[in-house]
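Novice: Mind looking at a prediction? Sequence and model below.
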Amino acid sequence: MSEINGRPQPFLQSFNSIYYLCKLLGVYPYDLQKFYYQGILQGSRLGSCVVVTVMCITFMLFNLSIFTFGDEQVTAKNNHLSIIVTVVFTYITPATMFTDQITAIRNQTRLPELFERIDYVDEDLRQLGISVDNRRVQRGIWLMIGFTFFCEFFIFFSSIWFLLDELKWTTALWIFISLPTFYNTLDKIWFLGILLGLRDRFDAINAELERIAENLEKGQTRQLKGELCQGNDLVLQTSLPLRMEQVEDIKLERLVRNAFGDLLHDREPIKNCMLSISHESSLCTFKAVQERFISLCQLHDSTCRIAKLLNELWSYPILILMAFGFVNVTSQLYFVYCATQIDHTIPLVFRSAKERSISTVFLTYIGGKCVSLMLYSWKTSQAARRAGICLHKCGVAADTNAVYEIVNHLSLKLLNHAINFSACGFFALDMGTLYAVCGAITSYLIILIQFDMAGQQVRISKELAASNETTAVELITENYTVMPMASTTPWD
């Protein structure tokens, strides 16, 4: 964990880059001065007004871009299915933008509370001698921002280069077609950054339990070899970084209150528990191991509650994003097929389907955003569930009735702390849902192509029937024209 003046750097500082970028673009309604000088998130009425204004201006310019670059012959050339797809799927893009920003305005008080809870968990972990490096989250945010800018700029400039016939002053309006998608991506970077941080904390707790199990196993092996024999007393040789009196200093009641966000302003100073600790001479009795197990389980519960709060804050944006990703990926693939046909007109929003390179980047961009949410949500849930397995390893390594009793008691609590990320409860964000979505995209794509092929067959049959009628009329006209000429005689 990176430190400032001997104190751990707050987790919120890892989001400096994405915060300033959002404020520069006029999204996220939080006070800039509070964040810059004090490093905290605080809601702002002025920021909310700025966000609403920016959203309205962006939506108006989005419609202006649609009417400026749109093809007037789309309605005349396409069938009713393509027209419905065009209208509905065109305006689902700004719908995602409005959902993200309205949710952000509504959660102005709850998101700062989430970051405060994470800081409390970090401090309690540090008192247990466990450190979490927030620089991994910071690097991940920078990587996501870089990937977003690459995809957005590539799609923007490639669309202008390949799809526009000539450059005019109205070409600048093209950026407002992709701007709602860009805003949506920035919002999801916040979610993914917090999700990565929570996963790191679960991994840190699991790693500590794994280390305790390893030390208990070593102590049990030494005891079996006769190196540790002190009567009937249970003495475990471990290399825990905290002494017995330091473990007892950690108040479990305060940990429980931290899980609910209470006592936010009544903080105890952070003790440097890692100074002058000798791993060779640190002997912990069963009481010390028990207290450490309880402390880790309480921190695990606090982190699970933070994860549930995170899911509540982003439940509606995630649901809209999944719908947006499903319809956009399906439509993009469908219009890629339509681009191979001669008599198909591609709508403006999906005009990038005419170029395979742009379509590839677009599908990677949109699909990667949805897949990353499911993947990291699933990995975070798996990391939270793994704590019970690591705890039972400690019981197996100690192989005593007393340790088994406390392990079984705490494992029941961990079982109730399981987290499942979902989109408003409609479906879970895991690999099973990802597999189902991929199958649904394939099924709907086949259905759309079959409808299009059937429409082409009907159109061809109508054209053949019309051409046959025209040919028949021409033959009849020729017959009526030739017959009077043949019936004429010289004396006429």
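Specialist: The structure has been received and is ready for your questions.

Novice: and stretch 151-167, average pLDDT?
Specialist: The average pLDDT for stretch 151-167 rounds to 78.

Novice: Going by neighbour count, list what's buried in it.
Specialist: Counting neighbours by 16 or more other Cβ atoms under 10 Å, one finds that the buried residues in stretch 151-167 are 151, 152, 155, 156, 158, 159, 163. To be clear about C-beta, it is placed using only N, CA and C from the backbone, and glycine gets the same treatment.

Novice: any idea how far the nearest residue to residue 151 once chain neighbours are set aside is from residue 188?
Specialist: Of all residues not flanking residue 151 in the chain, residue 365 sits nearest, at 4.0 Å (Cβ to Cβ, 6 or more residues apart in numbering). Separation of residue 365 from residue 188 (Cβ to Cβ, to the nearest Å): 12 Å.

Novice: coming back round to it: between the buried residues of stretch 151-167, which is nearest residue 40?
Specialist: The nearest member of these to residue 40, counting by Cβ to Cβ, is residue 152 at 30.1 Å.

Novice: pretty sure the closest one is touching residue 183, no?
Specialist: No: the criterion here is Cβ atoms under 8 Å, and residue 152 misses it with residue 183 at 10.8 Å.

Novice: Ramachandran coordinates for residue 428?
Specialist: Backbone torsions of residue 428, given as degrees, to the nearest 10, read phi -80, psi 150.

Novice: what's near enough to touch it?
Specialist: 420, 421, 422 (Cβ atoms under 8 Å, 6 or more residues apart in numbering).

Novice: Can you flag which of the residues you listed belong to helices?
Specialist: Per DSSP state H, helices hold no members of these.

Novice: pLDDT below threshold where in this structure?
Specialist: 1-8, 69-86, 163-170, 223-224, 226-285, 342-349, 468-492 (pLDDT under 70).

Novice: what residue is smack in the middle of it?
Specialist: Nearest residue to the geometric centre of the chain (Cα atoms, centre = their mean): residue 373, 3.1 Å.

Novice: Where does it sit: helix, strand or coil?
Specialist: helix (DSSP: H, G, I helix; E, B strand; the rest coil).

Novice: Touching, it and residue 188? I think so.
Specialist: Yes: assessed by Cβ under 8 Å, residue 373 is found in contact with residue 188 at 6.7 Å.

Novice: Now do the shared contacts for the two.
Specialist: What both residue 373 and residue 188 touch, as defined by Cβ under 8 Å, 6+ apart, is the set residue 321.

Novice: Three-state assignment for residue 28, please.
Specialist: With three-state DSSP as the basis, residue 28 sits in coil.

Novice: my guess is it meets residue 104, correct?
Specialist: Yes: counting by Cβ under 8 Å, residue 28 does reach residue 104; the two are 5.9 Å apart.

Novice: any common contacting residues for the two?
Specialist: Shared contacts of residue 28 and residue 104, counting by Cβ under 8 Å, 6+ apart, come down to residue 51.

Novice: which one of these two has more residues nearby?
Specialist: Taking other Cβ atoms under 10 Å, residue 28 and residue 104 do not tie; residue 28 has more neighbours (28 against 24).

Novice: so who does the more buried one touch?
Specialist: Contacts of residue 28 (Cβ under 8 Å, 6+ apart): 19, 22, 47, 51, 104.

Novice: and with 10 Å instead?
Specialist: 18-19, 21-22, 35, 41, 44, 47-48, 50-51, 100-101, 104-105, 108, 111, 183, 186-187, 190 (Cβ atoms under 10 Å, 6 or more residues apart in numbering).

Novice: Which strands or helices does the host helix or strand of residue 319 pack on?
Specialist: If you go by DSSP states H and E, residue 319 is part of helix 315-339. Contacting helix 315-339 under the criterion 3 or more Cβ pairs under 10 Å, 6 or more residues apart in numbering; DSSP states H and E are the following elements: helix 80-106, helix 175-224, helix 356-398, helix 431-486.

Novice: and residue 54, how many neighbours?
Specialist: Around residue 54 there are 17 other residues, counting by other Cβ under 10 Å.

Novice: now it, nearest residue through space, not along the chain?
Specialist: Here the residue nearest residue 54, using Cβ to Cβ, 6+ apart, is residue 26, at 3.6 Å.

Novice: The one you found reaches residue 56, doesn't it?
Specialist: No: Residue 26 lies out of contact with residue 56 (Cβ atoms under 10 Å); the separation is 11.0 Å.

Novice: Neighbour count for those two, which is higher?
Specialist: Legend: neighbour count by other Cβ under 10 Å for residue 26 and residue 56, higher for residue 26 (18 against 11).

Novice: quick one, phi/psi of that one?
Specialist: Dihedral angles for residue 26 - degrees, to the nearest 10 - are phi 80, psi 20.

Novice: Let me know the distance separating it from residue 37.
Specialist: According to Cβ to Cβ, residue 26 stands 21 Å off from residue 37.

Novice: One more: residue 208?
Specialist: The value you get for residue 208 to residue 37, if Cβ to Cβ is used, is 35 Å.

Novice: neighbour-wise, which of the two wins?
Specialist: residue 208 (22 against 9).

Novice: buried sites along the helix or strand where residue 54 lies?
Specialist: Using DSSP H and E, residue 54 maps to helix 45-69. Of the residues in helix 45-69, 47-48, 50-52, 54-55, 58-59, 61-62, 65-66, 69 count as buried by neighbour count, 16+ other Cβ under 10 Å.

Novice: Now flag whichever of the residues you listed is closest to residue 120.
Specialist: Nearest to residue 120 among the buried residues of helix 45-69, with distances taken as Cβ to Cβ, is residue 47, at 25.8 Å.

Novice: list the contacts for that closest one?
Specialist: Taking Cβ under 10 Å, 6+ apart as the criterion, residue 47 is in contact with 23, 26, 27, 28, 29, 30, 31, 32, 104, 105, 108.

Novice: ok, now how distant is it from residue 65?
Specialist: 26 Å.
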